[in-house]
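Just to be clear, the model below is a prediction. Sequence and coordinates:
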Amino acid sequence: MFPLKPSVLLFDIDGVIRDVAGSYRRALQETVQHYCGWRPTPSDIDALKSEGLWNNDWDASLELLRRRGATLPARNDLVDVFSSHYFGGDPEGDPASWMGFIGDEPLLVDQTFFEELTRHHIRWGFVSGAEPTSARYVLQQRLGLSDPPLIAMGDAPDKPDPSGLIRLAERLTAGEAPRWIAYIGDTVADVQTVLNARERRPELPWRSLAVAPPHITDVSAYHRQLQEAGADCIVGATRELIPVLLDGLTP
C-alpha cells in the first residue's frame, strides 16, 4: 500500500549527484588564476564554502579575488571565463560540442537509485545552484531521468534562500500533508537552506541530510562541520541514503 502521507526527497546536484572536484572547482581555480596569477587550493575553496555564503561559484571566484586584493573584473566577464573552462563551448549549444571540464564529472548514483526511490513511494526532485543546461545535462542525458523536477540557477534566489526548496516541495506534495521533506546537500549553505525553510514554513516537517563531497580528505572533520551547522542526519555517500530513509526520518 501507498503511505498515507507522501515522503519528499530533494537533492543538491554538485557533490551529491556528481563529483565536481575536477570540473566546477577546477574552473573556479582556473578563473581566479586567470585574473590574479594565484591558484586557490581545494582547502582554500572549502574554507570559503564553509562560511555558508558562497554557494554560487561565480560569486565565490569574485570573493577569492577580493580577499586576494586583486582588481575585480566585471561579473559578466568572469562568467565568460569560467564558462570557457567549465563548458568549453556554448553553454546553450549542443552538449556534444562541449570540450570543457564538464566532461570529467564522475556520477555518484545511477538511474536505478531513483527507480528504487520511486518503488518505495518516495517523491524526488532537485534544487541546485548549477546552470540549468549543466543540471539538465547530468540529470537527463547522463542519468537518463525523464523530465526530472528541477529548480536550477535563475529559477529561484540562490541558496541559502529557501524559496526554491519550498516551491519544489510544495509542487511534489501537491497539497498533501507530508511525512517528511528532506533535502540532501554537501555544504553548510545546503544545511542552512533547510533551516531557513523551517523558519519560513515551520508547519512542514523539514529534514536536513548531508554528505561530504568526494574530494574531502578529512571526512570526519567535514561531517562535524555539517552537524554543527544543523544537519539532522549525515550519510557516508549518496548511494547509502535509501536504507536511512527506510528506517524513517520522523521523530
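Looks like it came in fine.

Helices along this protein, start to end?
For the chain, the helices defined by DSSP state H cover 24-36, 42-49, 57-68, 75-86, 111-119, 132-136, 163-173, 188-200, 219-229, 241-247.

Go through those and find the least confident stretch.
Within the helices of the chain, confidence is poorest for helix 241-247, with a mean of 89 (mean pLDDT).

what does that one rub up against?
Contacts to helix 241-247, defined as C-beta atoms under 8 Å, 6 or more residues apart in numbering, come from residues 7, 9, 113, 116-117, 120, 122, 182, 184, 209, 211, 233, 235. Using the backbone N, CA and C atoms, a C-beta is placed for each residue, glycine as well.

Make a markdown table out of those and add neighbour count and distance to residue 92.
A markdown table is the format used below for the contacts of helix 241-247 (neighbours: other C-beta atoms under 10 Å; distance: C-beta to C-beta, whole Å):
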| residue | neighbour count | distance to residue 92 |
| --- | --- | --- |
| 7 | 24 | 36 |
| 9 | 23 | 30 |
| 113 | 17 | 29 |
| 116 | 13 | 33 |
| 117 | 18 | 31 |
| 120 | 12 | 37 |
| 122 | 21 | 33 |
| 182 | 26 | 33 |
| 184 | 25 | 29 |
| 209 | 27 | 33 |
| 211 | 28 | 31 |
| 233 | 18 | 38 |
| 235 | 19 | 35 |
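
Which of those fall within strands?
Cross-referencing the contacts of helix 241-247 against strands under DSSP state E gives 7, 9, 122, 182, 184, 209, 211, 233, 235.

Nearest to residue 158 among those?
residue 184 (18.0 Å; C-beta to C-beta).

Quick check on residue 231: phi, psi?
phi -60, psi 140 (degrees, to the nearest 10).

correct me, but it touches residue 211?
No: with contact defined as C-beta atoms under 8 Å, residue 231 does not reach residue 211; the gap is 9.4 Å.

Can you get me a residue count around the nearest residue to residue 125 once chain neighbours are set aside?
Once flanking residues are discounted, residue 125 sits nearest to residue 149: 3.3 Å by C-beta to C-beta, 6 or more residues apart in numbering. Neighbourhood size, residue 149 [other C-beta atoms under 10 Å]: 16.

How about the one 10 residues further on?
Other residues within reach of residue 159, judged by other C-beta under 10 Å, total 28.

So what pairs up with residue 235 in the strands?
residue 211 (DSSP bridges).

show me what contacts it?
Residue 235 neighbours (C-beta under 8 Å, 6+ apart): 184, 209, 210, 211, 241, 244.
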